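1. quick one: sequence and predicted model below, then my questions.
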Number of protein chains: 2
Amino acid sequence: MFVSIEPLYASIVEDVKARVSNLPRPPKLAVVTCQPDPSTQSYLKSQEKMAKRLGIEYAVFEVPKATELKQILPKLSTDVSVDGILLTHPLPSGVSEFEVASLVSPEKDVEGRNPHSLGSILYDAFAFAPCTAEAVVRIIKYFTNPAGKRVVVVGRSVTVGKPVAMLLTQKGVDATVTICHSRTPDIPSITREADIVVVAIGRAKHLTKDYFKPGALVVDVGINVEENEIVGDVDPSVAEVCDLTPVPGGVGKVTTVVLMEHVVRAAERRILGK
Amino acid sequence: MFVSIEPLYASIVEDVKARVSNLPRPPKLAVVTCQPDPSTQSYLKSQEKMAKRLGIEYAVFEVPKATELKQILPKLSTDVSVDGILLTHPLPSGVSEFEVASLVSPEKDVEGRNPHSLGSILYDAFAFAPCTAEAVVRIIKYFTNPAGKRVVVVGRSVTVGKPVAMLLTQKGVDATVTICHSRTPDIPSITREADIVVVAIGRAKHLTKDYFKPGALVVDVGINVEENEIVGDVDPSVAEVCDLTPVPGGVGKVTTVVLMEHVVRAAERRILGK
């Protein structure tokens, strides 16, 4: 069946609102955008609406050029009024994701993109994890205890696959994790061994029922457009035999609120020192 | 049987010597040590001997106090005469590994301990990997091509298990990696599926023949002292059915020269910009 993400989503929203109201000033998210295309603009609009609903200040900085981008990120990193920094895509030509991500102070890196943040996860130290990766882990923990379970992650991206594997391997989470990818032969033989499967490959409805052990929890991270419809990486028929997260309204929905929670957490750390 | 590490070791040594001779000045390794106990002192002696043999300058800085340590690391990070920085253990009380590792510039982080270096591995970007983890990957690549193979890593430390998993998952290496650890139930059932097993748990002769598929390549990272003898994490009898790296004279031996190669690479990047 499809699992319902709504109760988890609602509980994070309530928690974020309560924590915002405990702060002496509203948390502030600085959004840096380069040449926002229509889809980025609509994304920013809906994000701003959500931020306002939660009591989070939302300030957009438009910097079309690579040189400006490389200047504004360190500047916002030291700006005392800013708690979190978000950078939209596409980036201007001539800069790499890796390069600009390294310019965002880890304390304000609410998207978890700075290599320092990712490395901190390996240390089991505090860091903001990539929001999608954290949303996946939240969903898993909401429905089951991953300790001692076999988890297979399909996909090795730096925003989902690899950080999910590292988060689930941390002490206290204690899953046994396998990472599969495009060069893995016979993926179904591996995913069928798993109690929990996380799929983040960006191919519409690619994983069918024969990939899974009946009763497994399947977390579908994919967001693909097929015939004007948003579909996941997992075929919906999998819900007949497994617990499957829906697309849309699954991982993506939790991700949006995890980002806002990171902003609040960043503000708490900066204002309250916790 | 036990595999011979000697040819790989010798080839790295020759390569390092040749590269040193191509530089306009000797590479310089700065070694920061706090309160070196006798075992650290003997380690430094043998390391200095090796550095000199390879044409690498070796300078020791003794800083007993935490405050001095936190000052000298940023200072050496900007010192133009220094190519690589190494920090010995034990650390003075009141500082964490994570905190001081973050103070070493990634460009000079030849031990691969800065969280930024670890996160860079997830980005498939240039970084110095932890030396032991890189030694493991070098050994695997020397004996086989890990692409498409099942690798099981036993142990989830930040210096070995996790970075080995991330290095082997990188594009172009392309192994399918599973990380097991102390909270994994029935480890033998998982390691027996693997073509390659990396063991880094710090328990003398703990993994016996029943853990492995016959013919598997087993990389033993353990260095344990048992009855005045140095032994690995894998029982030597495993060599009867698998290709096993020896302890001593296996991973540890390659690690020492990987560190020196990192110093040369750091110097090449700084002097030659490559």
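-> Thanks, I have it.
2. strands of chain A, start to end?
-> A:28-33, A:57-62, A:84-87, A:150-154, A:176-180, A:196-199, A:217-220, A:224-226, A:229-231, A:243-244 (DSSP state E).
3. what's the closest of the ones you listed to residue B:12?
-> The closest of those to residue B:12 is strand A:176-180. By CB to CB, the value is 28.1 Å. (Glycine included, C-beta is placed from N, CA and C.)
4. CA-only coordinates of the closest one in CSV, if you can.
-> Provided in CSV are the C-alpha atoms of strand A:176-180 (Å, rounded to 0.1, in the frame of the first residue of the first chain):
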residue,chain,number,x,y,z
THR,A,176,23.5,-2.2,7.3
VAL,A,177,23.6,-0.3,4.0
THR,A,178,24.4,-1.3,0.4
ILE,A,179,24.8,1.3,-2.3
CYS,A,180,23.8,0.2,-5.9
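5. helices or strands next to it in the packing?
-> On a contact count with 3 or more CB pairs under 8 Å, 6 or more residues apart in numbering or on different chains; DSSP states H and E, strand A:176-180 meets strand A:150-154, helix A:161-169, helix A:187-191, strand B:176-180.
6. write out the residues of chain A neighbouring chain B.
-> Listed as neighbours of chain B in chain A under the rule CB under 8 Å from any CB of the partner chain: A:97-98, A:102, A:114-120, A:122-125, A:127, A:147-148, A:156, A:158, A:162-163, A:165-166, A:169, A:171, A:174, A:176-181, A:183-185, A:190.
7. out of those, which are buried?
-> A:98, A:102, A:114-120, A:122-125, A:127, A:156, A:158, A:162-163, A:165-166, A:169, A:174, A:176-181, A:184, A:190 (16 or more other CB atoms under 10 Å in any protein chain shown).
8. which of the helices and strands packed on strand A:176-180 sits closest to residue A:138?
-> Once the helices and strands packed on strand A:176-180 are compared by CB to CB, helix A:161-169 is nearest, at 9.9 Å.
9. check which helices and strands that closest one sits against.
-> Counting contacts by 3+ CB pairs under 8 Å, 6+ apart, the secondary-structure elements packed against helix A:161-169 are helix A:115-122, helix A:131-143, strand A:150-154, strand A:176-180, helix B:115-122, helix B:161-169.
10. just the buried residues of the second one, please?
-> The reference is to helix A:131-143. Those buried within helix A:131-143 under the rule 16+ other CB under 10 Å are A:131, A:132, A:133, A:134, A:135, A:136, A:137, A:138, A:139, A:140, A:143.
11. quick check: angle from that helix to helix A:115-122?
-> 20 degrees (axes from the mean of the first three to the mean of the last three CA atoms, to 10 degrees).
12. how about low-confidence regions in chain A?
-> Within chain A, no range satisfies pLDDT under 70.
13. longest helix anywhere in it?
-> helix A:251-271 (DSSP state H).
14. gap between it and the chain center?
-> Distance of helix A:251-271 from its chain centroid, counting by CA atoms, centre = their mean, to the nearest Å, is 10 Å.
15. that helix: which residues count as buried?
-> A:251-268, A:270.
16. what's the answer for stretch A:30-49, then?
-> So, applying 16+ other CB under 10 Å, buried residues of stretch A:30-49: A:30, A:31, A:32, A:33, A:34, A:36, A:43, A:44, A:47, A:48.
17. thought the first one was touching residue A:86?
-> Yes: at 7.2 Å, residue A:30 counts as touching residue A:86 under the criterion of CB atoms under 8 Å.
18. which one of the buried residues of helix A:131-143 is nearest to chain B?
-> Nearest to chain B out of the buried residues of helix A:131-143 is residue A:133 (CB to the nearest CB; 10.7 Å).
19. quick one: neighbours of the closest residue to residue A:244 other than its chain neighbours, just the number.
-> Using CB to CB, 6 or more residues apart in numbering or on different chains and skipping the chain neighbours, the partner closest in space to residue A:244 is residue A:218 (4.7 Å). Using other CB atoms under 10 Å in any protein chain shown, residue A:218 has 25 neighbouring residues.
20. show me the beta-bridge partners of residue A:218.
-> With DSSP bridges as the criterion, residue A:218 is bridged to residue A:197, residue A:244.
21. residues contacting it?
-> A:196, A:197, A:199, A:207, A:212, A:234, A:238, A:242, A:243, A:244, A:245 (CB atoms under 8 Å, 6 or more residues apart in numbering or on different chains).
22. distance of the nearest residue to residue A:249 once chain neighbours are set aside from residue A:236?
-> In this structure, residue A:249 finds its nearest non-sequential neighbour in residue A:5, 6.2 Å apart by CB to CB, 6+ apart. Going from residue A:5 to residue A:236 by CB to CB, to the nearest Å gives 15 Å.
23. more neighbours, these two?
-> Neighbour tally, residue A:5 and residue A:236, criterion other CB under 10 Å: the higher count belongs to residue A:5, 21 against 14.
24. does that one touch residue A:246 like I think?
-> Yes: using CB under 8 Å, residue A:5 is in contact with residue A:246, at 6.8 Å.
25. returning to that earlier point: counting contacts, what elements does the longest helix of chain A pack onto?
-> Against helix A:251-271 (3+ CB pairs under 8 Å, 6+ apart) you get helix A:6-21, strand A:28-33, helix A:38-54, strand A:84-87, helix A:131-143.
26. tell me the contacts of the residue sitting nearest the centre point of chain A?
-> Closest to where the C-alpha atoms of chain A average out (CA atoms, centre = their mean) is residue A:132, at 1.5 Å. Shown in contact with residue A:132 (CB under 8 Å, 6+ apart): A:159, A:160, A:200, A:221, A:251, A:255.
27. try 7 Å
-> By CB atoms under 7 Å, 6 or more residues apart in numbering or on different chains, the contact list for residue A:132 reads A:159, A:160, A:221, A:251, A:255.
28. just flag the most distant two among those residues.
-> Most distant of the contacts of residue A:132, by CB to CB, are A:159 and A:251, 11.9 Å apart.
29. need the strands of chain A in CSV (columns: distance to residue B:90).
-> Shown next, in CSV, are these (distance: least, CB to CB, whole Å):
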stretch, distance to residue B:90
strand A:28-33, 41
strand A:57-62, 45
strand A:84-87, 37
strand A:150-154, 35
strand A:176-180, 31
strand A:196-199, 39
strand A:217-220, 42
strand A:224-226, 52
strand A:229-231, 54
strand A:243-244, 47
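30. nearest to residue B:25, out of the ones you listed?
-> strand A:84-87 (39.7 Å).
31. neighbouring strands of that closest one in the sheet, and parallel or not?
-> strand A:28-33 (parallel).
32. what angle do helix A:251-271 and the partner strand make with each other?
-> Using the same axes, to 10 degrees: strand A:28-33 against helix A:251-271 is 120 degrees.
33. mind putting the helices and strands packed on helix A:161-169 into TSV with distance to residue B:59?
-> Listed next are the helices and strands packed on helix A:161-169 as TSV, based on distance: least, CB to CB, whole Å:
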stretch	distance to residue B:59
helix A:115-122	27
helix A:131-143	41
strand A:150-154	44
strand A:176-180	40
helix B:115-122	22
helix B:161-169	27
